[in-house]
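> Just a sequence and a predicted model for now, questions to come.
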Amino acid sequence: CVLRKIAERTPLQRLLEHLLRSMEKRDPQQFFAWPVTDSIAPGYSQIITNPMDFSTIKQKIDDNSYQNLNEFVEDFKLMCDNATTYNHPDTIYYKAAKKLLPVGLKMVTPEKLRQLRPVLT
Ligand SMILES: COc1ccc(OC)c(-c2cc(C(C)=O)n3cccnc23)c1
């Protein structure tokens, strides 16, 4: 039936949702939770041509827009790179992005993914 169709998740969607939740936990101030607006960050939309944030990544998972893990990782890297592009090194946002990037990438190493397999299948 239609309802059941909506609820089903592919194994990739379940993996990406798990990784997203783990990454979001490492952003307690929620600086990366929502799109950055020009009102909180003057000129942001002129400087950052491809904005990305965790809520957009979540929507893309739900829409099944990611064909593979790498596309998801590329959006995570884009989100962090945008923050180090727009913000000066002495800002909390730049520092938060510098800290978040390696933490997130460590979650998707082959070793970490191997540990996940039984949990997620
Ligand atoms: C101070 O509280 C918040 C709340 C939400 C934010 O982005 C969703 C931000 C924020 C997040 C960012 C980023 C990620 O560049 N940012 C840059 C300049 C000014 N503010 C921000 C800050």
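Thanks, I have the structure now. Numbering: from 1, shown residues only.

> before we move on, what SS does residue 51 have?
coil (DSSP: H, G, I helix; E, B strand; the rest coil).

> ok, which residues in the protein are in contact with the ligand?
Within the chain, the positions near the ligand by CB under 6 Å from any ligand atom are 31, 32, 33, 34, 36, 40, 41, 83, 86, 87, 93. In this view, the C-beta of every residue, glycine as well, is placed from N, C-alpha and C.

> Now the third one: closest residue in space that isn't a chain neighbour?
When the adjacent residues along the chain are set aside, residue 33 lies closest to residue 54, with 5.3 Å between them (CB to CB, 6 or more residues apart in numbering).

> isn't that neighbour right up against residue 23?
Yes - using CB atoms under 8 Å, residue 54 is in contact with residue 23, at 7.1 Å.

> burial measure for the residue nearest to residue 33, as a count.
Residues lying near residue 54 (other CB atoms under 10 Å) number 21.

> on that earlier part again, take the residues of the chain next to the ligand and keep only those in helices.
The helices, defined by DSSP state H, take in 83, 86, 93 from the residues of the chain next to the ligand.
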